[in-house]
Structure formats: C-alpha cells, structure tokens
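Colleague: Give me a model of this one.
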Amino acid sequence: MATYNLKYNRDDSVIRHLIVGLLADLNKKVSFYRQLDTNTRTEIDVPFYYSITGDENFLKDNFLFSTANGFECSPNPVGADGNYDVVPRGVVNLTSMTVDPARLVNKRNIGEYSKMNDQGLLEGYRAEFEMIPMTFSVDIEILVSSLLDIFKCTEQLIKKLYKSNQYNVEVGHLDEGLYRLAAYYAMPDDYGKENPIEYTFDDKGNYKITFSIDINSSMPAIDFDTERHVGNRMFKLTHNIEDGKTTNETIDQGLDI
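Modeller: Residues are numbered from 1 along each chain as shown. The predicted structure is shown next:
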C-alpha cells in the first residue's frame, strides 16, 4: 500500500491539523544564540510541543513503563525511566474556540477537493461549501534556563514572528475529501516573564516567557449532495429559433478525464 492512502483516526480533525501546523511553523522559526567560549557560538533551537497536562495514561506509557529491553524483549530501549525536562522548550495549549459571524460569507461557493475512489485512486471533485470563520485562542509558554535567555528568546520572537504570520495545512479524510486550509496568527505586543526568586532544594525554578495568540482560520462545511466529478464537462448546447421563440433541444454532458 502506498503511503498517500494510509488512513488514521486523527486525519479528519481540522482543529488538530491547525495545531500541528502552528507547532511546525514555530519549530522552524524560534531559536537564539549562545556564546560558549571565545571561539564557539552555537544556535539553540526551541522545540515546541502541545500540552499533555492531565493525560495520565500518556505519561505512564511514555515515561514510567519503558524498560531496557524494549517492547517484545527487543534489545533496543524505547525510552528512559522518569520524566524528560527539556530546557529550552515551548508548550502550546488551546484555550478556546470561537465562531466569528462577522466574517461569515455566502454558503453557495464552489470548491474542489480530492477523494479516494473504490480503486484506491485519488480523484478530483467539486461541491458547494460554506467557510465558517473561526478564531482559536492559544496560550504559549517558553521555558528557559536564565534571565539572559529570556531576553535573547524574546528578541528572536519579535524579530522573526512580529507581526503577522501565515501557514497552510492539508486537512480532511480520504473518504470525504482532502483540501488545503490557510491559517493566520499575529504576535502580541506584550510579553510576560516569570522569574524564580526564591525556592528550596526540592523545587524547580523555571524562567518562563508567556504570551497568547489568536489563530484565524475557517472550518469548511461541504454540501456533499451537490458533489460532482471535476471531469464532468458541458460540451454542447443546442437551441432552435422558431416563430421568434428560442427553445432548448439538447444539452450534452460528458466525462472528460
């Protein structure tokens, strides 16, 4: 089976695709530099993850029950016991979703998408749809190891991401339709920072950069009753003029693939 026609349960979630697209866009843009010594200056990448707080089963499966033998007595270990506390890192958390009725447009729009047929081939289709405008509010927290790293990371956020950003994601399911969706987000004007001033030996002091962004995108609602193959073409329209009246005789349609 080819890789393009593999189906997963997560494929038909538009919201998940938008979050993954945001993580991918942030992962390739946010980094800062450290001067290790007189001759060495290195780039520190800031990886971004989605918040897994509260998912106890995920934490147990990935951090508590991994053994040195791996799954099925494999000699290669699949993970380490205990928690991974990577610094620096960014944590993204979706806080709210809102429909924006002021940006709502006519639902009688025509759009094209791809869908898998019974033979396992992707074909193009056309149908009417309505783009429902949505606003997704996201809280972002970046953990660093020092106050100087807060300054450096904030500077890079402003330089590389201020003000408007755009990314595209492929959404949909092979059985219903695949299409490209655009999303936009803007960096805020204010950035909060948290500094650990006092803590005991058992506490972890984390330097944090916190800010919120709004992702503007749309959620397509496709009317599949109006679906037709993109290969359908109108080839001929014949009419006669008799006694000053025009009458249509034949309308020929064909499948032009």
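
Colleague: where in the stretch 1-150 of the chain is pLDDT low?
Modeller: 1-5, 52-85 (pLDDT under 70).

Colleague: Do you have the strands of it handy? List them.
Modeller: 31-35, 41-45, 48-50, 89-99, 109-116, 122-144 (DSSP state E, counting those that start in this stretch).

Colleague: Asp225: which of the ones you listed is closest?
Modeller: Checking the strands of the stretch 1-150 of the chain against Asp225 by Cβ to Cβ gives strand 122-144 as the closest, at 8.2 Å. (C-beta placed from N, C-alpha, C; glycine too.)

Colleague: What is that closest one packed up against?
Modeller: Secondary-structure packing of strand 122-144 (3 or more Cβ pairs under 8 Å, 6 or more residues apart in numbering; DSSP states H and E): helix 14-27, strand 89-99, strand 109-116, helix 147-161, strand 177-186, strand 207-229.

Colleague: Now find how far off-centre it is within its chain.
Modeller: Centre-to-centre, strand 122-144 and its host chain are 7 Å apart (Cα atoms, centre = their mean, to the nearest Å).

Colleague: what pairs with it, and is each one parallel or antiparallel?
Modeller: Using DSSP bridges, the strands paired with strand 122-144 are strand 89-99 (antiparallel), strand 109-116 (antiparallel), strand 207-229 (antiparallel).

Colleague: JSON lines for the strands of the stretch 1-150 of the chain, including mean neighbour count and distance to Asn9?
Modeller: Shown next, in JSON lines, are the strands of the stretch 1-150 of the chain (neighbours: other Cβ atoms under 10 Å; distance: least, Cβ to Cβ, whole Å):
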{"stretch": "strand 31-35", "mean neighbour count": "14", "distance to Asn9": "33"}
{"stretch": "strand 41-45", "mean neighbour count": "11", "distance to Asn9": "31"}
{"stretch": "strand 48-50", "mean neighbour count": "15", "distance to Asn9": "17"}
{"stretch": "strand 89-99", "mean neighbour count": "14", "distance to Asn9": "19"}
{"stretch": "strand 109-116", "mean neighbour count": "15", "distance to Asn9": "16"}
{"stretch": "strand 122-144", "mean neighbour count": "18", "distance to Asn9": "20"}
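
Colleague: Distance to Thr154 for these - can I get that in CSV?
Modeller: Converted to CSV, those look like this (distance: least, Cβ to Cβ, whole Å):
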stretch, distance to Thr154
strand 31-35, 9
strand 41-45, 14
strand 48-50, 16
strand 89-99, 13
strand 109-116, 40
strand 122-144, 9
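
Colleague: Quick check: which of the helices and strands packed on strand 122-144 is buried the most?
Modeller: Greatest average neighbour count among those goes to helix 14-27 (a mean of 18), per mean count of other Cβ atoms under 10 Å.

Colleague: contacts for that helix?
Modeller: 10, 45, 47-50, 90, 92, 94, 97, 136, 138, 140, 165, 167-171, 181, 183, 185, 215, 217, 219-220 (Cβ atoms under 8 Å, 6 or more residues apart in numbering).

Colleague: Look at stretch 18-36 and report the distance between its end residues.
Modeller: 37 Å (Cα to Cα, to the nearest Å).

Colleague: burial of the residue lying closest to Leu181 once chain neighbours are set aside, as a residue count?
Modeller: Nearest non-adjacent residue to Leu181, counting by Cβ to Cβ, 6 or more residues apart in numbering: Val171, 5.0 Å away. By the measure other Cβ atoms under 10 Å, the count of residues near Val171 is 23.

Colleague: Distance of Val171 relative to Leu22?
Modeller: Val171 is 13 Å from Leu22, where distance means Cβ to Cβ, to the nearest Å.

Colleague: Same check on Asp100?
Modeller: 18 Å.

Colleague: do the same with Ser96
Modeller: Applying Cβ to Cβ, the value for Ser96 to Leu22 is 15 Å.

Colleague: And for Ile132?
Modeller: On the measure of Cβ to Cβ, Ile132 and Leu22 end up 19 Å apart.
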